[in-house]
Each structure stands twice: as structure tokens, then as C-alpha cells.
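Novice: Got a predicted model here, sequence first, then my questions.
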Amino acid sequence: MTKSTYFDLQDREAEIPAGCPVGHGFSPFSDAYVADPYRVLAARRAETPVFYAPDLGYLVLTRMADVAEVLRRPDEFSSENVQRPVSPVCAAAQAVLAADEFNPVPVLSNRGEPVHGRVRKYAQAGFSGRRMRLLEPVIRARCEVLVEAMMVDGSPAEFTGSVGHRLPGETIYRLVGFPETDDEMLMDWAADRLAFTWGQADDAAQVAIAESMVAYWRYCTAHVERRRTEPADDLISELLAVHAADPDALSVAEITSVLYGLSFAGHEIVSYYLANALICLLNHRDQWAAICADASLIPGAAEEVARYDSSQTSWRRVALADTEIADVAIPAGTQIFLSLGAANHDPAVFDNPESFDIRRANAAAHISFGRGIHFCLGKRLATMEAVILLETLSTRAPSLDFAPDHTLNYIPNFTLRGPADLWLTW
């Protein structure tokens, strides 16, 4: 797959699935959906669990069984569309991305077999038990420092900028070997990338984000070249060792693309996860009190957060050939909106799904990290970060609460869910 298809906006033309219910007005950008997607999705799932949304141009699936089935059929439902911007990219931003040196290649989330499996085989080694054990004390120590700094500055404090955004960013940067001195610059470049791919950024914002994307890619390219002569104990050095032993196993372009993708995916999305965890627990004071009294409940709480209010509420696929799902005939080229949020609240899987329950026995049956060959590589790392954060805050600030008069404002987004900011007091 070439550069021209990586950010290609021209999806394949497809027929509307014949006989499929039509869901007029459905959009993840609507005010009702942004405020409470689960209420909107519950109504759709109950009435028409599979429907075509003409405003989006997508077939929408809302039941766990259907969503999981699509994810487990990669030969029929391709992931090639998951990184394509959902909104038109203006000419000026496209010109920025046309730079000769900007050439990330699809390797993991948006690549099928056999390339995906070959690359994943080596990339997943970076998330091994050994590396997670090495990272855990680093994450814990850094979390303590960030929380302490937030508390020293006094109450109320904005959590996202002081802790929630920084902790996952610094964690993934250490995993791939980026130096601490570059953290601020890297975080600036990562800002608003979500709006470019899955949001509705205006032309000026698109150009600014595109410039940051190119700068980030150049940095990743330089980092890989540096690690070729200065290896260290990090993921990129491990991947380069594979390349050195067998250039056909992994190319340098693939390693650079893995770095570019993982160092972003492990940052912004996890920052929403951390914020959503606090929102869920502080909105249910009895359960916040429970984890403050008994830290053994925290791992279950982290799984229930991922089920109840995931930072990733949908994902995408495209039908490669004429096929069928849930008794609906699907023409080749059909774009599919997999509603992870609706699946995670499916009463066929979860009792009282609209209730937040940190003791839920099957909370880990959620689908927020995917299924099948594209199951999220960073699931263990993201969950560990959430657990460490909750352990730290429940110990340091058991009186934690929302700041008075603070209103949660969620960022309109096709795929992700998280607050623009989160003001806390204690």
C-alpha cells in the first residue's frame, strides 16, 4: 500500500445495502450523541440494531455479536479505512502532507495479512511481560510526581493538562526511547491529531495539524536512524535488531511507521481513558469510596470504565467483497461503523448495562480494545496506567471531587470520547 492510499479520502463506491433499515439523522457529531452516546445508541440498538446511516454513508452495527463477528473476519472486512480522515481534508493541508519525506506505510491497525501479522509479531514483543515489569515502577514514580505537582499548585486543578495528558505521553515515549528533553515538543506536535483524523477541524486547524504530523514523522525518522548506531533498551532498538538480523523480516520504513503510529495511539487515546475513569468513579461516590478503602477493587474498576465509558466508542471496517452480516446482504465497498459503545452496553452480554459497577463479574468482556488479529497491542499498558493512576489518587486524595460549577464538555469526534478538560478539587 503506497503513501497515496494512507490518507486517501476516496472510499470505494458502494451500493446501499438492499432492504436494510435506514437511520436518518444518526451522527456521532450530533449534540445528543456527544452529550450521551449510550442513550442514543441504546434506542437504535433496541429498534434497528443494524441500519444504514445516510448522513455518514456507513452501515452501523450496534450488537456485541455482530461487532465481534466483523472484527473476527478480516479477510472479508478490511481495516484499511481506519486511519482515513472522516472529514474532507482541505487542499492546503493535503499539500503539506504531500511532502516527499512524509511517507508512513500501513503496518498495524490499517493493514491486513500477511504484512500485519509479520509486523505485529515483532512489535508485540515491546509489550512483553518483561518490559511491562520494567515500565511499571517508572510509571508509578512519574505518576506520583505529576499528582504531587498538581496538588502543590492547589485546588481546584485541571487534571487533563497536569496529569492525564502527560502520564501516557511520557510513558509511551519512554517505551520507544524518545529522550525526556523532547517531551514538550512531542506533545505539542501530537495536539489535535485526533481532530484531523476523526474530527471536524477547520481549514486553518487542518494545516497546522498537518504541519505537526510531518514534523513528528521527520522526528521519528531521525530517531530510528539514531538508534541504528546508538541502540538502547527500548522497543525501536529491538525492532532494528530484527531488521539487522533479517532485513526481509522488518524494513526500516515499517519500523518508522510502527514508531509513528504507536507513539501516538498510546498517548491521546489513553489520556481520555484516564479522564473517563475519574469521571465514572466521581459520578458514583460510593464506588470511589470503595476503591479508596480497598485497592484490590481497582483493576476491576479499570475494566468497568473501559466497558461503561470507553475512550474509543467506535471503529471502522470496509467490506472487501459481497458478503453478509446479521442477515443483511452487504455489497463490496460498504463502509461499516462498528459501535463499540453500543456493544459494550448490550443487554445480551451485560446485566443492567447502564449501571456502572466496579464489581461486575464480566466487565472484561468489553470490546473497547477490539477483537481478533487487530486486538490492541497496548491494552495491558493502558490498563496498567489507569490502575496506577487510580491507586495514586485514591491514596493521596480520597476527598477528590469535581470542582464546583464545572461542566464536562466532550469533544465531538467520530471515534473517540473524552472531555476537553477536567477540573477537580479535594
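Specialist: Happy to help now that I have it.

Novice: so what's Y272 up against?
Specialist: If you count contacts by Cβ atoms under 8 Å, 6 or more residues apart in numbering, Y272 has them with S311, L416, R417, G418, P419. (Glycine included, C-beta is placed from N, CA and C.)

Novice: Only alpha carbons, please: show the one helix or strand it maps to as PDB.
Specialist: Here Y272, judged by DSSP states H and E, is contained in helix 268-282. Extracted C-alpha coordinates of helix 268-282, given in PDB (Å, rounded to 0.1, in the frame of the first residue of the first chain):
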ATOM      1  CA  GLU A 268      -4.000  10.700  23.200                       C
ATOM      2  CA  ILE A 269      -6.400   7.800  23.500                       C
ATOM      3  CA  VAL A 270      -5.100   6.700  26.900                       C
ATOM      4  CA  SER A 271      -5.400  10.300  28.200                       C
ATOM      5  CA  TYR A 272      -9.100  10.100  27.500                       C
ATOM      6  CA  TYR A 273      -9.200   6.700  29.300                       C
ATOM      7  CA  LEU A 274      -7.700   8.200  32.400                       C
ATOM      8  CA  ALA A 275     -10.100  11.200  32.500                       C
ATOM      9  CA  ASN A 276     -13.100   8.900  31.800                       C
ATOM     10  CA  ALA A 277     -12.000   6.700  34.700                       C
ATOM     11  CA  LEU A 278     -12.200   9.600  37.100                       C
ATOM     12  CA  ILE A 279     -15.500  10.900  35.700                       C
ATOM     13  CA  CYS A 280     -17.100   7.500  36.100                       C
ATOM     14  CA  LEU A 281     -15.900   7.000  39.700                       C
ATOM     15  CA  LEU A 282     -16.500  10.500  40.900                       C
END
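
Novice: in that helix, what counts as buried?
Specialist: In terms of neighbour count (16 or more other Cβ atoms under 10 Å), helix 268-282 has its buried residues at 268-281.

Novice: For my notes, please list those in CSV and give distance to R44 and pLDDT for each entry.
Specialist: As requested, the buried residues of helix 268-282 are arranged in CSV below (distance: Cβ to Cβ, whole Å; pLDDT from 0 to 100):
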residue, distance to R44, pLDDT
E268, 27, 85
I269, 24, 89
V270, 28, 94
S271, 28, 95
Y272, 23, 95
Y273, 25, 97
L274, 29, 98
A275, 26, 97
N276, 22, 98
A277, 26, 98
L278, 28, 98
I279, 23, 98
C280, 23, 98
L281, 28, 98
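
Novice: Include distance to A365 when you put those into a markdown table, please.
Specialist: What follows is those, written out as a markdown table (distance: Cβ to Cβ, whole Å):
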| residue | distance to A365 |
| --- | --- |
| E268 | 26 |
| I269 | 20 |
| V270 | 21 |
| S271 | 25 |
| Y272 | 21 |
| Y273 | 18 |
| L274 | 22 |
| A275 | 23 |
| N276 | 18 |
| A277 | 18 |
| L278 | 23 |
| I279 | 22 |
| C280 | 17 |
| L281 | 20 |
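
Novice: Nearest to Q335 among those residues?
Specialist: Of all the buried residues of helix 268-282, Q335 sits closest to I269, with 21.5 Å by Cβ to Cβ.

Novice: wait, that closest one sits on T415?
Specialist: No. With contact taken as Cβ atoms under 8 Å, I269 and T415 are classed as non-touching, separated by 9.1 Å.

Novice: what's the overlap in contacts for these two?
Specialist: Where contact means Cβ under 8 Å, 6+ apart, the residues bridging I269 and T415 through contact with each are Q312.

Novice: and stretch 111-129, which residues are buried?
Specialist: The neighbour-count criterion (16+ other Cβ under 10 Å) identifies R111, G112, H116, R118, V119, R120, Y122, A123, G126, F127 as the buried residues of stretch 111-129.

Novice: And those residues, which is the shakiest by pLDDT?
Specialist: pLDDT across the buried residues of stretch 111-129 is lowest for G126, at 83.

Novice: Return the residues in contact with I298.
Specialist: For I298, the residues meeting the contact criterion (Cβ under 8 Å, 6+ apart) are I291, V387, L390, E391, S394.

Novice: and E136, how many residues sit next to it?
Specialist: Counted with other Cβ atoms under 10 Å, the burial measure for E136 works out to 15 neighbours.

Novice: still on that earlier bit, go through the buried residues of stretch 111-129 and name the one nearest D248.
Specialist: Within the buried residues of stretch 111-129, distances to D248 taken as Cβ to Cβ reach their minimum at R118, with 9.4 Å.

Novice: is it true that the closest one touches D246?
Specialist: No. Taking contacts as Cβ under 8 Å, R118 lies outside contact range of D246: 11.0 Å.

Novice: quick one, strands of this protein?
Specialist: Counting by DSSP state E, the segments of the chain that form strands are 50-53, 58-61, 77-78, 157-158, 314-319, 323-325, 328-330, 335-339, 401-402, 423-425.

Novice: Pick the most deeply packed of these.
Specialist: Among the strands of the chain, the stretch with the highest mean neighbour count (mean count of other Cβ atoms under 10 Å) is strand 58-61, at a mean of 27.

Novice: what residues does that one touch?
Specialist: Looking at strand 58-61 with Cβ under 8 Å, 6+ apart, the contacting residues turn out to be 17, 20, 23, 26, 44, 49-53, 67, 70, 316, 325-326, 328, 330, 334-339, 343.

Novice: what do you get if the cut-off is 7 Å, keeping everything else the same?
Specialist: Contact with strand 58-61 is made by 17, 20, 23, 26, 50-53, 67, 70, 330, 334-339, as judged by Cβ atoms under 7 Å, 6 or more residues apart in numbering.

Novice: That one pairs with which strands, and in what direction?
Specialist: Applying DSSP bridges, strand 58-61 is found paired with strand 50-53 (antiparallel), strand 335-339 (parallel).

Novice: Please convert these to a markdown table, extending it with mean pLDDT and distance to M185.
Specialist: Formatted as a markdown table, the strands paired with strand 58-61 follow (pLDDT from 0 to 100; distance: least, Cβ to Cβ, whole Å):
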| stretch | mean pLDDT | distance to M185 |
| --- | --- | --- |
| strand 50-53 | 96 | 39 |
| strand 335-339 | 97 | 35 |
